[in-house]
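>>> I need the structure of the sequence given here:
(2 chains)
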2 protein chains.
Amino acid sequence: MPNATAAMLVIGDEILSGRTRDSNSHHLAQELTAAGIDLREVRFVADDQAAIVEALNALRRAYDHVFTSGGIGPTHDDITADAVAAAFGVHIDVRADAAALLGAHYEKTGRDFNEARKRMARIPDTATLIENPVSVAPGFTIGNVHVMAGVPNVFHAMLAGVLSGLAKGQPLLSRSLRVERGEGDIAGPFGALATEYPDLSMGSYPFVQDGVTGTNLVIRGTDAARLDEAMARLTDLTA
Amino acid sequence: MPNATAAMLVIGDEILSGRTRDSNSHHLAQELTAAGIDLREVRFVADDQAAIVEALNALRRAYDHVFTSGGIGPTHDDITADAVAAAFGVHIDVRADAAALLGAHYEKTGRDFNEARKRMARIPDTATLIENPVSVAPGFTIGNVHVMAGVPNVFHAMLAGVLSGLAKGQPLLSRSLRVERGEGDIAGPFGALATEYPDLSMGSYPFVQDGVTGTNLVIRGTDAARLDEAMARLTDLTA
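Okay, here's the model as predicted:
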């Protein structure tokens, strides 16, 4: 059975303005590769309902899973939950289960569970909550969409919870060979090898390091024996 | 006149597999903000012609400019130039102007201008070349699409050249206020202030640093006087 497919939607003006550098997409890419789920596309959009709805509807129809990051906090620019509800055409309001979690947390910490914080309990009908072991305010899963926080340590913790509940595929393995030759010198034989192994993905990544020009040649696939065989061939080719 | 809009397309399996962390989108975001061009969307796709064509056609029709990164090297997985030609429905082959640049470079450095390296001279008809002051192999502009290398220092150099030829808008300015209060404590008055200044964009970004919980409040806009006025109000509100 082929691996499940996935996409990510990163939401936030702060990413598109260059104020903040997104790190969640890189973390997700690594986690999905290890879990055998194929990340096929990532999109970044602004805190804009129309943009979120359009991207989310395109992605959730095209891929098995969609992971979102950002826009579920207490402030006026946190519009992700409402946008997701709009994309699915379902009702959204402060929900009792999420409000209970947050209310207990604020009571314990002696802070006011005010109107702004109640925004974080806005959860679309039919969604199930994603636990937030870092700062309580939950994410949620609706259909094939997993809605998570943008703050990296919270995103990581929520993602770990979500992934523990998803079916795993075959992890994508990779082997890498560093050669001190220009990419253009090795491209011909490397391309011929790639044609012989259509079940593997081969990529080359040039570098200049301490004045040395070279190329990292990477072979990826799910079958370790095939990878080792192709890697042995590549080692001979570049010797 | 409103600022021009832009999108970015990052191309490469190595990004989606988590092997490489993209940095070009963050660099582009900062450069466009300074140039007064509004970056509205970023997409990452794989080295897959259908995925590149679909994303490129969607983005070039929706925004004034599209900037791409990756996939213009000499190896078999470098398919961006051909995919861009397919998206525009124009012919592509090794082009004399690009081949002359590369041929002169390899002659000077004593390396073979082989078939693989000639791939880097594949330029779609009607495109104009983008200079590569780092490693010669050019990018190109076709229509409103600027096709650049993925290697960060080459991307930076090509982008500087492209931006020098584009009309500038009003740079997006920002002011930031750090408060040692939870996001939920300040969200109410901050949201009310945002409603009073619909011409400005306001965002809040929580942090936990050395055990201190706080929030960075950011106001963005193109009118420095309006920003200063809103910032003075915000400072009063949070005092």
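
>>> what residues are up against the most centrally placed residue in chain A?
Residue closest to the average C-alpha location in chain A (Cα atoms, centre = their mean): A:Leu28, at 3.4 Å. Counting by Cβ atoms under 8 Å, 6 or more residues apart in numbering or on different chains, A:Leu28 makes contact with A:8, A:39, A:67, A:69, A:159, B:18. (C-beta placed from N, C-alpha, C; glycine too.)

>>> Could I get the phi/psi values of A:Ile219?
Here is the backbone geometry of A:Ile219 (degrees, to the nearest 10): phi -120, psi 130.

>>> shouldn't it be in contact with A:Met231?
Yes. Judged on Cβ atoms under 8 Å, A:Ile219 makes contact with A:Met231 at a distance of 6.0 Å.

>>> which residues are in contact with both of the two?
Both A:Ile219 and A:Met231 are contacted by A:Arg175, under the criterion Cβ under 8 Å, 6+ apart.

>>> Could you check which of those two has the larger neighbour count?
Set A:Ile219 next to A:Met231 and count neighbours by other Cβ atoms under 10 Å in any protein chain shown: A:Ile219 wins out with 25 against 17.

>>> So A:Val147 belongs to a strand, correct?
Yes. Secondary structure of A:Val147 (DSSP: H, G, I helix; E, B strand; the rest coil): part of a strand.

>>> Looking at the contacts of A:Leu28, which is nearest B:Asp125?
Comparing those against B:Asp125 with Cβ to Cβ places A:Leu39 closest, at 34.1 Å.

>>> what sits against the closest one?
With Cβ under 8 Å, 6+ apart, A:Leu39 has these contacts: A:6-8, A:28-29, A:32-33, B:16-18.

>>> ok, then the element right after the host helix or strand of it?
Taking DSSP states H and E as the definition, A:Leu39 sits inside strand A:38-45. Next along the chain after strand A:38-45, taking DSSP H and E as the criterion, comes helix A:49-62.

>>> which helices and strands does that next one pack with?
strand A:5-11, strand A:38-45, strand A:65-69, helix A:80-88, strand B:38-45 (3 or more Cβ pairs under 8 Å, 6 or more residues apart in numbering or on different chains; DSSP states H and E).

>>> following the first one, which helix or strand shows up next?
Towards the C-terminus, the helix or strand next in line after strand A:5-11, according to DSSP H and E, is helix A:13-16.

>>> still on that earlier bit, let me have the helices and strands packed on helix A:49-62 in TSV, adding mean pLDDT and distance to B:Thr75 as columns.
Conversion of the helices and strands packed on helix A:49-62 to TSV gives the following (pLDDT from 0 to 100; distance: least, Cβ to Cβ, whole Å):
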stretch	mean pLDDT	distance to B:Thr75
strand A:5-11	98	25
strand A:38-45	98	21
strand A:65-69	98	30
helix A:80-88	98	39
strand B:38-45	98	18
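
>>> I figured A:Val94 was touching A:Met120, is that so?
No. The pair A:Val94 / A:Met120 is not scored as a contact, 9.1 Å apart, by Cβ under 8 Å.

>>> Quick check: A:Ala99 is in a helix.
Yes. Assessed with three-state DSSP, A:Ala99 lies in a helix.

>>> Please list all residues in contact with the residue nearest to A:Ala99 when sequence neighbours are not counted.
Excluding the flanking residues, the one nearest A:Ala99 by Cβ to Cβ, 6 or more residues apart in numbering or on different chains is A:Ala121, at 4.1 Å. Taking Cβ under 8 Å, 6+ apart, we find A:Ala121 in contact with A:94-95, A:98-99, A:101-102, A:137.

>>> from those residues, which would you call buried?
A:95, A:98-99, A:101-102, A:137 (16 or more other Cβ atoms under 10 Å in any protein chain shown).

>>> Closest one of those to B:Gly143?
Nearest to B:Gly143 among the buried ones among the contacts of A:Ala121, with distances taken as Cβ to Cβ, is A:Ala137, at 44.3 Å.

>>> Chain A: strands as residue ranges?
A:5-11, A:38-45, A:65-69, A:92-94, A:122-124, A:128-130, A:139-142, A:145-148, A:173-179, A:201-209, A:212-221 (DSSP state E).

>>> Which stretch among the ones you listed approaches B:Val145 most closely?
The nearest among the strands of chain A, by Cβ to Cβ, is strand A:38-45 at 17.7 Å.

>>> What residues of the helix or strand of chain A with the lowest mean pLDDT count as buried?
Least confident helix or strand of chain A, by mean pLDDT, DSSP states H and E, is strand A:201-209 with a mean of 87. For strand A:201-209, a neighbour-count test (16+ other Cβ under 10 Å) marks A:201-206 as buried.

>>> at contact distance from chain B, anything in that strand?
Yes. Strand A:201-209 is in contact with chain B by Cβ under 8 Å from any Cβ of the partner chain, via A:201-206.
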